[in-house]
Structures are given as C-alpha cells and as structure tokens.
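Asker: Pasting the sequence and the predicted model now:
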Amino acid sequence: MTPISPRYTNGIPLGADAQFVALDDSGNEVVSLPGEDGTVRLKPAPKAEEGAANGTQTGTATLDLSTEELRDLAKGRQLRLVLTMDQADDGGPATLRATDTIDLALETKVDASVSVND
C-alpha cells in the first residue's frame, strides 16, 4: 500500500466531503479516491455568533492506495476535485464571505525505478 495524504486548511464555516477523480486524456474517469464511494471529510472552520468563520480548521487524512489504484492514478492526466459542502458538523446558519478559502494539498512519497536499454 502507498499512502497519499490530503491536507487542508478550511476557512469556510461549512464542512465538506471531498473526492478526487483522475481523468484520462478524453476526460473519462480512471480512478476515484477514496474508492468504494468514500470521501475525505473536511471539518468546518469555527464560527462566530453571526455565522461567519472565526479562524480556520486544519486536518490531514491518509488514503492507502493499492498498487492497482496507484497505477490508475498515474494514467490520469487531470485531477478533478468534487466537494459536497454541508452544515452537518457545525449547526446553525453560516455566513460566507468572498475572502473565505480552503487550501488543499496532496502529498505522497513514491519509490520508482526506470530501466533504459535493457
């Protein structure tokens, strides 16, 4: 298994379920992460009384990719981020501002070797 780690800083007072979809040159889905219709949960930023974000929420998840999933991911030419936002974790109304952001990064370490002119 090869771990890939989505890291986030959420400055929006809404939670979100994230899914990463690798697409081939034709825009067809190659692989969806996490698999099995799973998602990565992004927790909402803390809220002030009026519902606006009052700070940020950070988090990291770990997705363990099989060799097959890693190969499928390598076939991808684009990565689509699918976010479904909700208020499930925070309750009450939320106020969104134009300056609210979500920063997202994917990290992994892969050992690879290439043979040339065997």
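Answerer: Good, I have the coordinates.

Asker: Now do the same for residue 69: helix, strand or coil?
Answerer: Three-state call for residue 69 (DSSP: H, G, I helix; E, B strand; the rest coil): helix.

Asker: Could you tell me how many residues sit around it?
Answerer: Residues lying near residue 69 (other C-beta atoms under 10 Å) number 21. Placement of C-beta: from N, CA and C, glycine included.

Asker: Check the gap between the most centrally placed residue in the chain and residue 78 for me.
Answerer: Centre of the chain computed as the mean C-alpha position; nearest residue by C-alpha atoms, centre = their mean is residue 18, 4.8 Å away. For residue 18, the distance to residue 78 equals 16 Å [C-beta to C-beta, to the nearest Å].

Asker: re the thing from before, and the residue nearest to the centre of the chain, what element?
Answerer: strand 15-23 (DSSP states H and E).

Asker: For residue 65, which non-adjacent residue is closest in space?
Answerer: Closest residue to residue 65 apart from its sequence neighbours, by C-beta to C-beta, 6 or more residues apart in numbering: residue 2 at 4.8 Å.
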